[in-house]
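[1] please work out how this folds:
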Amino acid sequence: MRKLSTSFLFGFVLALICLPRLHAQTGPGAPAGSKATATDAAPAGQAPDDVMKKLSDLVHAGKYAEAQQLTAGLLLAYPEDQRLIKAKVLLDKSLASSNTADLAASADARQLTGMDKVEYNTLIELAREAQQGTGLEQQRASLNQFMDKSRSFLQKHPDQILLWQLRAASAISLNDPMAACEAGQKLIATGAADSNDPNMQRLLAQLNSKGWLDKHEAGDAAKRAKWEWILGTWTIHYTWFDERGGGTGSGIGTEDFTKSGDSIEGYLTDSNGVRAQRFNISGLILDSGEVRWPPVSFEPSDNDKTLKIVFTVPNGKKGKQTVTWLLHKE
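    Here you go, the predicted structure:
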């Protein structure tokens, strides 16, 4: 997700054209002013021009691995050809470095036209903004925007490998197992498991270690993600209102949410370290991963760091109290 580089392609083209082309040379025995044809024999020790053109076409098409293989084969037959030597150095250096993603981005962009190309570059920019964001909220917002926009774009252009890589990495950051699994499966289908790109291998290893390359495991993780975020200790400011007598009260303390079987249990401890007997709630974990709470108002924030819960508890035979919790989690 760095600035896209064109230096490799430019350098490769220079390597291919730095020596005079055969069809532009005059044959050693030709009359002055005459021009050689494309069918003339190549100078000793140099690969034919039609082969060099094929190599150049592979690079322009973004097929760098194929170009690397062709170059290696040609060097066996033409070990002194300086064009091939320079091309091999550039290809080896680029494919062994982290610039591979930049090359892929450039190649992918060249395959697109019009607004599709603009949309593609917009997605790359969103991914870059997420990486460069100074705060977690800014990064999360950019990642969510990238995930939303890239979903529809990839439905139209499912062969954009770099975007699938970025979606997989973004899904890991956002703890979205199903989106990560989809991206991982797309990458595996393109042969990414056999890739020599260290960034690709590291990404796949991360997905595999989480179990997110398997659809069933990713589905189970997605269900857990719907309730696991609430577990742990929250700081709390709570108030209550007695609907019968009009009394009010407030306090501070902590709220501990734990999993017990198929339930989420929430227990309030006041500032004196005393666990409350009445101001507690319990929710049932459904098969979908959602939690069914008793009749309460349950308002989590987008970042799962703040939470507002409003519920009622009995107060005597006919009365009841309305309780409001304002919770915060570091």
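
[2] show residues contacting stretch 162-172.
    The contact list for stretch 162-172 (CB atoms under 8 Å, 6 or more residues apart in numbering) reads 1, 101, 104-105, 108, 120, 123-124, 127, 130, 143, 146-147, 150, 153-154, 157, 177, 179-180, 182-184, 186-187, 199-200, 203, 206-207, 210, 212. For glycine as for every other residue, the C-beta is placed from the backbone atoms N, C-alpha and C.

[3] restricted to buried residues, select those residues in ChimeraX.
    Of these, the buried ones go into a single ChimeraX selection, burial set by 16 or more other CB atoms under 10 Å:
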select :1,101,104,105,108,120,123,124,127,130,143,146,147,150,153,154,177,179,180,182,183,184,186,187,200,203,206,207,210,212
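
[4] least trustworthy helix or strand in the chain by mean pLDDT?
    The helix or strand of the chain with the poorest confidence is helix 7-17; it has a mean of 37 (mean pLDDT, DSSP states H and E).

[5] after that helix, which helix or strand is next?
    Moving toward the C-terminus from helix 7-17, the first helix or strand encountered (DSSP states H and E) is helix 49-60.

[6] mind listing what's buried along that following helix?
    Neighbour-count burial for helix 49-60, counted by 16+ other CB under 10 Å, picks out V51, M52, L55, S56, L58, V59.

[7] do you know how far the second one is from V89?
    Going back to what we said before, that points to M52. Using CB to CB, to the nearest Å, M52 is found at 16 Å from V89.

[8] next: the last one.
    The gap separating V59 from V89 is 14 Å, by CB to CB.

[9] over to L162?
    Distance of L162 to V89, computed by CB to CB: 24 Å.

[10] ok, then the element right after whichever helix in the chain runs longest?
    What stands out as the longest helix in the chain, according to DSSP state H, is helix 136-156. With elements assigned by DSSP H and E, the helix or strand that comes after helix 136-156 is helix 161-173.

[11] so which bits of that next one are buried?
    Neighbour counts using 16+ other CB under 10 Å place I161, L162, L163, W164, Q165, L166, R167, A168, A169, S170, A171, I172 of helix 161-173 among the buried residues.

[12] so which of those residues comes closest to F298?
    For F298, the nearest member of the buried residues of helix 161-173 is A171. The distance, counting by CB to CB, is 25.6 Å.

[13] now do the closest one, the pLDDT please.
    pLDDT for A171: 92.

[14] for the one 4 residues further on, same thing?
    Each residue has a pLDDT score; the one for N175 is 88.

[15] touching, it and A225? I think so.
    Yes - N175 is in contact with A225 according to CB atoms under 8 Å; the separation is 5.6 Å.

[16] just the CA coordinates of the helix or strand hosting D256, formatted as PDB?
    Mapping D256 onto the secondary structure by DSSP H and E places it in strand 248-260. In PDB, the C-alpha atoms belonging to strand 248-260 read as follows (Å, rounded to 0.1, in the frame of the first residue of the first chain):
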ATOM      1  CA  THR A 248     -33.400   8.500  42.300                       C
ATOM      2  CA  GLY A 249     -29.900   7.400  42.800                       C
ATOM      3  CA  SER A 250     -26.600   7.000  41.100                       C
ATOM      4  CA  GLY A 251     -23.200   5.300  41.400                       C
ATOM      5  CA  ILE A 252     -20.000   4.200  39.800                       C
ATOM      6  CA  GLY A 253     -18.200   0.900  39.700                       C
ATOM      7  CA  THR A 254     -17.400  -1.900  37.200                       C
ATOM      8  CA  GLU A 255     -19.500  -4.300  35.200                       C
ATOM      9  CA  ASP A 256     -18.200  -7.800  34.400                       C
ATOM     10  CA  PHE A 257     -19.600  -9.700  31.500                       C
ATOM     11  CA  THR A 258     -18.800 -13.400  31.400                       C
ATOM     12  CA  LYS A 259     -20.000 -16.400  29.300                       C
ATOM     13  CA  SER A 260     -21.800 -19.200  31.200                       C
END
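
[17] list the buried residues in it.
    Of the residues in strand 248-260, those with enough neighbours to count as buried (16+ other CB under 10 Å) are G253, T254, E255, D256, F257.

[18] could you say what helices and strands the helix or strand following it packs with?
    Taking DSSP H and E as the definition, the helix or strand that follows strand 248-260 towards the C-terminus is strand 263-270. For strand 263-270, the helices and strands in contact under the criterion 3 or more CB pairs under 8 Å, 6 or more residues apart in numbering; DSSP states H and E are strand 248-260, strand 281-285.
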